[in-house]
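Chemist: can you look at this prediction? I've put the sequence above it.
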There are 2 protein chains.
Amino acid sequence: MNSNDTDFLADWEQLSQIGRVEGTLGVDREAASAADGEQRRWFAELLRSRGFTVHRDEIGNLFGLLELVPGAPYVLTGSHLDSQPTAGRFDGAYGVLASAYACFRLADRLRNEAAPPVRNLAVVNWFNEEGSRFKPSLMGSGVFTGKLSLAEALETRDKKGTSVRAALDALEERGNFAALNVASYAEIHVQQGRSMEEGGIAIGLVDATWGARKYELRVRGEQSHSGSTLMTDRRDALLAAARLIVAARELVDEFPPGALHSACGEIQVYPNSPVVVASEASVLIDFRSENTEFLQEAARRFLTIAAEIAEQDRVEVEIAAEHSWERNPYTPQGVELARAVAQELGVTHDTVMTVAGHDSTNMKDVVPTVMLFVPSVEGRSHSVRELTSDADMLAGVRMLTEVVHRLASSQDL
Amino acid sequence: MNSNDTDFLADWEQLSQIGRVEGTLGVDREAASAADGEQRRWFAELLRSRGFTVHRDEIGNLFGLLELVPGAPYVLTGSHLDSQPTAGRFDGAYGVLASAYACFRLADRLRNEAAPPVRNLAVVNWFNEEGSRFKPSLMGSGVFTGKLSLAEALETRDKKGTSVRAALDALEERGNFAALNVASYAEIHVQQGRSMEEGGIAIGLVDATWGARKYELRVRGEQSHSGSTLMTDRRDALLAAARLIVAARELVDEFPPGALHSACGEIQVYPNSPVVVASEASVLIDFRSENTEFLQEAARRFLTIAAEIAEQDRVEVEIAAEHSWERNPYTPQGVELARAVAQELGVTHDTVMTVAGHDSTNMKDVVPTVMLFVPSVEGRSHSVRELTSDADMLAGVRMLTEVVHRLASSQDL
């Protein structure tokens, strides 16, 4: 193990202590929380200590810049430090630290090479990838790529009514940096699935995302006494919401095994009181598939069932918000570049699709992008039990280093 | 309409403004909220203005005492001013004001009668009957009757972590009154069902409560990514909770129409985040029936189904708390006393069961108790649309006045 590897692992240990969930190896570092503030300060200091200049933009994305070629565009590489509540320490954070270390390694190497680099290097920690405290997810990269309005993002509020603007300002983590000229983007992340582990693959070359259909359904019934009201008089919003959750799960079994994923992770109920039939309930229902036809059919079936539930329970079911994307390819030349690197390094590799969204899902639509995966044990994700081995992490850093090297050394991408 | 009636309706209008929900005729006056504080001060002032002495006990029950016979026991009459969130203005509050007005009417009458009274008069506003902010319900009467420990009740916390003790102390609504010698209890309440309205009954003579089985079920699964985790790897606590809610409703259809009520009014989910399979969920499931065999069978079937759900979804389902009561009679002599009064007044009346719990459900176990109902339009309850007509309210005050008169004039009950 070289000194860069041991330094990486030592810094990884330090980072993993921030926001640690007692009695577990997991962390709780939701966007703009105290723990997020702590890790952002730690990370900014790490970048500065290695000669990078640190900047924050108006939505709290944190950049570390190293200018090697005055005026040239940047290869940007990074991921996100924020986590879900009580989640794993790898999701996002691994990619941020791996990106920093890839650039640390390359800084001297690029300065001393015969052929000078054509790009500068930048590391990024995207703000609020997770979207658990402030919706939507992928917020920082969404604003950066112009997909989400800055004003709207800053006004987003958490359940306690705190805005993104106020939460970031309290941490002094908003700036006005806006001048980055990005030539290409590279990200590395844990897989959040088990196919690489099962296939013995060290590096995943992400070539596409699954499609998704997401619905926020709002159910309106009527408050009444949950003991005494005749069953036939009730208009129970929570009951209808529960039927929607069950229906979304049952739909999965109408498709080939593994072809459709569905979930409901969040429900809000009013008044949510023990002896009151609920008058309002909202659920977030999520369908994903790599097969567009399956996804369309699942969405069509689900909305038909939702209408039947509304009639049966005498409630209104309204689509309050929806968000969907189709199966979407990553930059094919980016996949080929990564494949060439993996072959050169002699690491086991294969193309893989991502079911989860990533900041690279936003970036790939505006600049050439390379997305890499390292394996997750049993595919555990959004869990304190999330695990990727040191060896797999270090192989990922090596891989990312060479990908960024190629991106910085040529104008091909 | 006599002046007592017009005064009652004028005070009723004033009381109904406190905690009014904008745009509705309903109120939001949860226990120990600011609105509850306001109505408690208003009610204490009303009692004082009519010559009653006002006392508070350690759990915040508010008493108005009128001593007519030094040293004699008291006829206690009352109900509760607190409400569910965004609920009706009648539930509880009508009974409190009706009790006060019954005693106001009787004060002079009893002093001037040939045969002197044998009991004194006391009005009560029980603390936290609803149990929406602080569980359990029937808290004030529970502590008063020794069914619930004072220390435990005071330490109960709402969702924000505020204790009953702190909330009451902030309103200066705790005292140390503990000396009430109660001979008998009378309460009047809106029906929260539609049978009296449909039957043209002005006064319901409550002769029994339905039985109930209440379960707080805690589901434990495992956090994971709600998009990428294989369906077969998931242990989804929210999905299992939704299945429990649907199962409780479906059980109703296995029994004769109207024989079984079931509900879930409250669910708590962790982490309740859009892209996370929930690791924990709690639901409060409530079964009620007047038929003990049906209730037992429903509970047995439900717990069997819960075990099946646990196996199917690979989660743990645990009974975290349960609370049950059997079909339970009210004091038969109390029912007969009320029947005699109704006949004398010439009001339409019939015996009726209560499905909802009341403070009288506690009191009837320690002293002879009379429980009366007035009709509710369409049985609407725990809803801002709750409605009882002025005429029905006034008929109830007259009825309660004569019931309390009989209780105060004789030692029979």
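Modeler: Okay, I see it.

Chemist: could you use CA atoms for every contact and neighbour count after this?
Modeler: Noted.

Chemist: which SSE is the closest residue to A:Ile309 other than its chain neighbours in?
Modeler: The shortest distance from A:Ile309 to any non-neighbouring residue, by C-alpha to C-alpha, 6 or more residues apart in numbering or on different chains, is to A:Ala240 (6.4 Å). Assigned by DSSP states H and E, A:Ala240 belongs to helix A:237-251.

Chemist: show residues contacting whatever helix or strand comes next after that helix.
Modeler: Note on helix A:237-251: by DSSP H and E, the next helix or strand toward the C-terminus is strand A:261-270. With C-alpha atoms under 8 Å, 6 or more residues apart in numbering or on different chains as the test, strand A:261-270 has contacts from A:238, A:245, A:248-249, A:252, A:278-289, B:226-228, B:230-231, B:238-239, B:266-267, B:269, B:272-278.

Chemist: how about a cut-off of 6 Å?
Modeler: A:249, A:278, A:280-288, B:226, B:272-278 (C-alpha atoms under 6 Å, 6 or more residues apart in numbering or on different chains).

Chemist: okay, and which of the residues you listed map to strands?
Modeler: Per DSSP state E, strands hold the following members of the contacts of strand A:261-270: A:280-288, B:276-277.

Chemist: can I get those residues in CSV with pLDDT and neighbour count?
Modeler: Shown next, in CSV, are the ones in strands among the contacts of strand A:261-270 (pLDDT from 0 to 100; neighbours: other C-alpha atoms under 10 Å in any protein chain shown):
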residue, pLDDT, neighbour count
A:Glu280, 98, 25
A:Ala281, 98, 24
A:Ser282, 98, 22
A:Val283, 98, 24
A:Leu284, 96, 24
A:Ile285, 97, 25
A:Asp286, 96, 24
A:Phe287, 97, 27
A:Arg288, 97, 30
B:Val276, 95, 30
B:Val277, 97, 31
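
Chemist: check these and tell me the two furthest apart.
Modeler: Using C-alpha to C-alpha, the ones in strands among the contacts of strand A:261-270 reach their maximum pairwise distance at A:Glu280 and A:Arg288, which is 26.4 Å.

Chemist: so where does A:Glu344 fall, helix or strand?
Modeler: With DSSP H and E as the test, A:Glu344 turns up in helix A:332-345.

Chemist: which strands and helices lie in contact with that helix?
Modeler: Contacting helix A:332-345 under the criterion 3 or more C-alpha pairs under 6 Å, 6 or more residues apart in numbering or on different chains; DSSP states H and E is no other helix or strand.

Chemist: alpha carbons of that helix, in CSV - could you do that?
Modeler: C-alpha atoms of helix A:332-345 as CSV (Å, rounded to 0.1, in the frame of the first residue of the first chain):
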residue,chain,number,x,y,z
PRO,A,332,-20.9,6.4,-24.7
GLN,A,333,-17.3,7.8,-25.2
GLY,A,334,-17.1,8.2,-21.4
VAL,A,335,-17.9,4.5,-21.0
GLU,A,336,-15.3,3.6,-23.6
LEU,A,337,-12.7,5.8,-22.0
ALA,A,338,-13.3,4.1,-18.6
ARG,A,339,-13.3,0.6,-20.2
ALA,A,340,-9.8,1.4,-21.8
VAL,A,341,-8.5,2.5,-18.3
ALA,A,342,-9.9,-0.6,-16.6
GLN,A,343,-8.2,-2.8,-19.2
GLU,A,344,-4.9,-1.0,-18.8
LEU,A,345,-5.1,-1.3,-15.0
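
Chemist: show me the contact partners of that helix.
Modeler: A:369-370.

Chemist: next one: it to chain centre, how far?
Modeler: 23 Å (C-alpha atoms, centre = their mean, to the nearest Å).

Chemist: could you identify the helix or strand that succeeds that helix?
Modeler: Heading C-terminal from helix A:332-345 (DSSP H and E), you reach strand A:349-354.

Chemist: quick one: mean pLDDT over that following strand.
Modeler: The pLDDT scores in strand A:349-354 average 97.

Chemist: just stretch A:394-410 next, same as before
Modeler: 97.

Chemist: tell me the buried residues in it?
Modeler: A:394-409 (16 or more other C-alpha atoms under 10 Å in any protein chain shown).

Chemist: could you do stretch A:335-349 as well?
Modeler: Here stretch A:335-349 shows A:335, A:337-339, A:341-342, A:347, A:349 as buried, counting by 16+ other C-alpha under 10 Å.

Chemist: of those, closest to chain B?
Modeler: Of all the buried residues of stretch A:335-349, A:His349 has the smallest distance to chain B: 19.9 Å, by C-alpha to the nearest C-alpha.

Chemist: now do the host helix or strand of A:Glu308: everything it contacts.
Modeler: A:Glu308 belongs to helix A:292-313 when elements are defined using DSSP H and E. Applying C-alpha under 6 Å, 6+ apart, the external contacts of helix A:292-313 come out as A:235, A:289, A:316-317.

Chemist: now do the contacts for the residue nearest to A:Val384 when sequence neighbours are not counted.
Modeler: Using C-alpha to C-alpha, 6+ apart and skipping residues adjacent in sequence, the residue nearest A:Val384 is A:Gly26, 4.0 Å away. By C-alpha under 6 Å, 6+ apart, the contact set of A:Gly26 is A:20, A:87-89, A:384.

Chemist: let me have those residues in TSV, extended by distance to A:Asp108.
Modeler: TSV is the format used below for these (distance: C-alpha to C-alpha, whole Å):
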residue	distance to A:Asp108
A:Arg20	34
A:Ala87	35
A:Gly88	33
A:Arg89	29
A:Val384	37
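
Chemist: before we move on, the earlier item: of the buried residues of stretch A:394-410, which belong to helices?
Modeler: With DSSP state H as the criterion, helices contain A:394-409 from among the buried residues of stretch A:394-410.

Chemist: from these, which two are the most distant?
Modeler: A:Leu394 and A:Ser409 (22.5 Å).

Chemist: re earlier: dump the helix holding A:Glu308 to CSV, keeping only the CA atoms.
Modeler: Provided in CSV are the C-alpha atoms of helix A:292-313 (Å, rounded to 0.1, in the frame of the first residue of the first chain):
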residue,chain,number,x,y,z
THR,A,292,-39.8,1.6,-20.7
GLU,A,293,-42.8,-0.4,-21.7
PHE,A,294,-43.0,-2.1,-18.3
LEU,A,295,-42.7,1.3,-16.6
GLN,A,296,-45.5,2.8,-18.7
GLU,A,297,-47.7,-0.2,-18.1
ALA,A,298,-47.1,-0.1,-14.4
ALA,A,299,-47.9,3.6,-14.2
ARG,A,300,-51.1,3.1,-16.2
ARG,A,301,-52.2,0.2,-14.0
PHE,A,302,-51.4,2.0,-10.8
LEU,A,303,-53.3,5.1,-11.7
THR,A,304,-56.3,2.9,-12.7
ILE,A,305,-56.1,1.2,-9.3
ALA,A,306,-55.8,4.5,-7.5
ALA,A,307,-59.0,5.7,-9.1
GLU,A,308,-60.7,2.4,-8.0
ILE,A,309,-59.5,3.0,-4.5
ALA,A,310,-60.8,6.5,-4.5
GLU,A,311,-64.2,5.3,-5.5
GLN,A,312,-64.3,2.4,-3.0
ASP,A,313,-63.2,4.5,0.0
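
Chemist: run a quick neighbour tally on A:Val21.
Modeler: 18 (other C-alpha atoms under 10 Å in any protein chain shown).

Chemist: can you pull the pLDDT of the closest residue in space to it that isn't next to it in sequence?
Modeler: With sequence-adjacent residues excluded and distances taken as C-alpha to C-alpha, 6+ apart, A:Val21 is closest to A:Val27, at 5.0 Å. Looking at A:Val27, its pLDDT reads 98.

Chemist: domain parsing for chain A?
Modeler: A:3-210+A:328-409, A:215-325 (automatic domain parsing).

Chemist: closest one to B:Ser16 among the ones you listed?
Modeler: Across the domains of chain A, closest to B:Ser16 is domain A:215-325 (C-alpha to C-alpha), at 19.0 Å.

Chemist: and the residue of the stretch 1-150 of chain A that's closest to chain B?
Modeler: Counting by C-alpha to the nearest C-alpha, the stretch 1-150 of chain A gets nearest chain B through A:Ser132, at 5.3 Å.
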